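>>> make a model of this:
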Amino acid sequence: MNLKIKDLNVVTKNHEKEILKDFSFQIKEGEIHAIMGPNGTGKSTLSKVIMGSPDYEVTKGDILYNGASLLPLSVDERSRRGIFLSMQSPTSIEGVTNSEFLRTARNAREEKPVGIYAFIKEMEQSMQDLKMDSAMMHRSINKDFSGGERKKNEILQLKILKPELILLDELDSGLDVDSLKIVCENILKYKEENPHCAILIITHYSKILDYLVPDFVHVMKDGKIQMTGDASLAKKIEKSGYECVNSMSELVENE
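Got it, this is the predicted structure:
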C-alpha cells in the first residue's frame, strides 16, 4: 500500500474557493499519520478528495495509489481498491439495513461471494467487539442512531470491508471517553491483524492519538502542510496551540 499526493490543487465544484494548494504528502504501508490544523485549512477536504467526492475538483497535481492515479476513478471504484473513509458526519439511509449494505459492499470486492451464515457470524462478532446492540444489524443505516452509534457503525463497516488505506475524519467528534477507547481498540486490533494497512487520522485534538499513536504528525495551514514531526508535536499543539508551530517554523527558517 502506498499513497502519494503530488502538488495537488483543489477547488470547490463551483470554483468559488481554492482549498488545497500545491499539497504534497505520502503514506506508506503500515504507517499511521495524523493531520492537525485550525478550522478551514482543508483537512476534511483532503480526505474527501482522496475518496473522490464530486463536491471538489482537482485542477493540478495527482493522487497515486499503488502507483496508479485515482483521479479517473469513481468513489465506489476507489472503495473496491481498498480505500475507506470514516466520515465526520455519517449520513443515514432509510430503507437499507446495515447487514444488507455491508454484505453487498463486501461481495462487490470479493472474487467469491461470502456465505450468508459466515457473514452474519462475522458481523455479530464485530458488533460484539464494538459493544453495539445486535439489533442494529437489521436497522436502516444510521437511522435514529446517536452520534456515538454512528461512529461505531463506521468502524463496523471498516472491520467488515477490510480496507488497506483507512481515512479517519474526526473520528473522535461525538464520542465519549469510553466509546473512543472502544473504537480505537478495534482499529488497533484490525491493524495488528492487517499490518500492511495504513491509517490517516484527521483530528483537532490529541486525545485520539494517545490510543492510535502516529508515526508522523503533520500540521496544515493555508491548504498545505507547514510542519511535520513525531507524536510529540501533537502534545506541543495541545499545550500551546498552533502558535507554537509558527514559532518552531521561524526557528527552522532562522537556522
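
>>> pairing partners for Glu18 in the sheet, please.
Val11 (DSSP bridges).

>>> retrieve the pLDDT associated with it.
Note for Glu18: predicted pLDDT of 95.

>>> likewise Glu122?
pLDDT, Glu122: 95.

>>> helix or strand next in line after the helix or strand hosting it, which one?
If you go by DSSP states H and E, Glu122 is part of helix 116-129. Downstream of helix 116-129, the first helix or strand assigned by DSSP H and E is strand 140-141.

>>> so where's the protein uncertain?
244-255 (pLDDT under 70).

>>> now the strands for it?
2-12, 18-28, 32-36, 56-65, 68-69, 83-86, 93-97, 140-141, 165-169, 198-202, 216-221, 224-229 (DSSP state E).

>>> out of those, flag the one nearest Leu130.
strand 83-86 (12.9 Å; CB to CB). C-betas here are computed from N, CA, C, even on glycine.

>>> nearest to Lys152, of the strands of the chain?
Among the strands of the chain, the nearest to Lys152 by CB to CB is strand 83-86 (10.5 Å).

>>> so which elements touch that closest one?
Here strand 83-86 touches helix 43-51, helix 147-161, strand 165-169, going by 3 or more CB pairs under 8 Å, 6 or more residues apart in numbering; DSSP states H and E.

>>> pull up the pairing partners for it, direction included.
strand 165-169 (parallel).

>>> now do the strand it pairs with: distance to the chain's middle.
2 Å (CA atoms, centre = their mean, to the nearest Å).

>>> and the contacts of that strand?
Here strand 165-169 makes contact (CB atoms under 8 Å, 6 or more residues apart in numbering) with 1, 3, 27, 43-44, 47-48, 50-51, 65, 82-88, 158, 187, 197-203, 212.

>>> most neighbours per residue, which of the helices and strands packed on strand 83-86?
Among the helices and strands packed on strand 83-86, ranked by average contacts under mean count of other CB atoms under 10 Å, first place goes to strand 165-169 (a mean of 24).

>>> export it as CSV, just CAs?
Provided in CSV are the C-alpha atoms of strand 165-169 (Å, rounded to 0.1, in the frame of the first residue of the first chain):
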residue,chain,number,x,y,z
LEU,A,165,-6.0,2.6,3.5
ILE,A,166,-8.1,3.9,6.3
LEU,A,167,-9.0,7.6,6.4
LEU,A,168,-10.5,8.7,9.8
ASP,A,169,-12.0,12.2,9.5
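
>>> got the angle for that strand vs helix 43-51?
150 degrees (axes from the mean of the first three to the mean of the last three CA atoms, to 10 degrees).

>>> quick check: angle from strand 165-169 to helix 147-161?
Counting by the same axes, to 10 degrees, strand 165-169 lies at 170 degrees to helix 147-161.
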